[in-house]
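>>> using only what follows, build the 3D model:
(2 chains)
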Amino acid sequence: AQTVTQSQPEMSVQEAETVTLSCTYDTSESDYYLFWYKQPPSRQMILVIRQEAYKQQNATENRFSVNFQKAAKSFSLKISDSQLGDAAMYFCAYRTYNTDKLIFGTGTRLQVFP
Amino acid sequence: NAGVTQTPKFRILKIGQSMTLQCTQDMNHNYMYWYRQDPGMGLKLIYYSVGAGITDKGEVPNGYNVSRSTTEDFPLRLELAAPSQTSVYFCASSFSRGVNTEAFFGQGTRLTVV
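Numbers count the residues shown, from 1 in each chain, chains lettered A, B, ... in the order given. Okay, the predicted model is just below:
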């Protein structure tokens, strides 16, 4: 069974600084998608960034980028120039081509200090 | 564009009561999901559906039932509510395999069983 592990329950960063959130996953599949979702206090789940496993190039979306290491089964999220609005829970998620299930990690709570 | 709509937003149930959480989407997605999120935890998959008439169990299906008679609707039924079912419930939908595999989420239903 596929699992997603986020080993950092909480992280903090100062405004304008850079922070990296960790995610590892366990799978025997070769084709899959990886996602980072943000959940602010409003509870809304917001897609931050996605990565297709067959792509070697790391995905980027403005201040957000990932470090995808397929062999190590690692998918970390880097937030550059952190802003107060980045404070939220961040969830790493995994989806295979074959099982159609979207599996989430336990989340990392990010605090941003001025 | 309404996206994914869940009702109700809040509900208090007594032990042993039953209820249905409603979920509807207007994006013509064929995949739909139900998750529960316990305090400070990640999302656990309860049930999912890959199309009308097709449903399958996720990680934590006990105590719940689902049906998918139309593409748009995916209600979640709780029979004989128990305190362990106190949680926030999220419905989500997505297209099937392909480039647009992002899952869109509803606003969640906070359920308390007393």
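
>>> every contact and neighbour count from this point should use C-alpha atoms.
Fine.

>>> tell me who's in contact with the closest residue to A:S80 other than its chain neighbours.
Using CA to CA, 6 or more residues apart in numbering or on different chains and skipping the chain neighbours, the partner closest in space to A:S80 is A:T18 (4.4 Å). Counting by CA atoms under 8 Å, 6 or more residues apart in numbering or on different chains, A:T18 touches A:78-82.

>>> mind redoing it with 10 Å?
A:63-64, A:78-83 (CA atoms under 10 Å, 6 or more residues apart in numbering or on different chains).

>>> what is the nearest of the residues you listed to chain B?
The shortest approach to chain B among the contacts of A:T18 belongs to A:F64, at 16.7 Å (CA to the nearest CA).

>>> and the closest residue to the closest one other than its chain neighbours, what are its bridge partners?
Among residues not flanking A:F64 along the chain, A:I79 sits closest, at 4.9 Å (CA to CA, 6+ apart). For A:I79, the beta-bridge partners are A:V19, A:F64 (DSSP bridges).

>>> could you report the neighbour count for A:I79?
21 (other CA atoms under 10 Å in any protein chain shown).

>>> looks like it contacts A:E17 (just checking).
Yes. With contact defined as CA atoms under 10 Å, A:I79 counts as touching A:E17 (8.4 Å).

>>> still on that earlier bit, and the residue nearest to A:F64, what does it touch?
A:13, A:16-21, A:61-66, A:86.

>>> need the pLDDT of it.
Looking at A:I79, its pLDDT stands at 98.

>>> can you give me the strands in the chain?
No chain specified, so I'll use chain A. A:3-5, A:10-14, A:19-21, A:24-26, A:32-39, A:46-52, A:60-61, A:64-69, A:74-79, A:88-96, A:102-104, A:108-113 (DSSP state E).

>>> my question was about chain B, not that one.
B:4-7, B:10-13, B:19-25, B:31-37, B:43-51, B:54-57, B:64-66, B:76-78, B:87-94, B:104-105, B:109-113.

>>> format those as a markdown table; extra columns: distance to chain A.
Formatted as a markdown table, the strands of chain B follow (distance: least, CA to the nearest CA, whole Å):
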| stretch | distance to chain A |
| --- | --- |
| strand B:4-7 | 11 |
| strand B:10-13 | 13 |
| strand B:19-25 | 15 |
| strand B:31-37 | 8 |
| strand B:43-51 | 6 |
| strand B:54-57 | 10 |
| strand B:64-66 | 16 |
| strand B:76-78 | 17 |
| strand B:87-94 | 9 |
| strand B:104-105 | 6 |
| strand B:109-113 | 10 |
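
>>> can you list those strands in JSON lines and add mean neighbour count and mean pLDDT?
Converted to JSON lines, the strands of chain B look like this (neighbours: other CA atoms under 10 Å in any protein chain shown; pLDDT from 0 to 100):
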{"stretch": "strand B:4-7", "mean neighbour count": "20", "mean pLDDT": "95"}
{"stretch": "strand B:10-13", "mean neighbour count": "13", "mean pLDDT": "96"}
{"stretch": "strand B:19-25", "mean neighbour count": "20", "mean pLDDT": "97"}
{"stretch": "strand B:31-37", "mean neighbour count": "25", "mean pLDDT": "94"}
{"stretch": "strand B:43-51", "mean neighbour count": "23", "mean pLDDT": "93"}
{"stretch": "strand B:54-57", "mean neighbour count": "16", "mean pLDDT": "94"}
{"stretch": "strand B:64-66", "mean neighbour count": "18", "mean pLDDT": "97"}
{"stretch": "strand B:76-78", "mean neighbour count": "19", "mean pLDDT": "97"}
{"stretch": "strand B:87-94", "mean neighbour count": "25", "mean pLDDT": "95"}
{"stretch": "strand B:104-105", "mean neighbour count": "23", "mean pLDDT": "92"}
{"stretch": "strand B:109-113", "mean neighbour count": "19", "mean pLDDT": "96"}
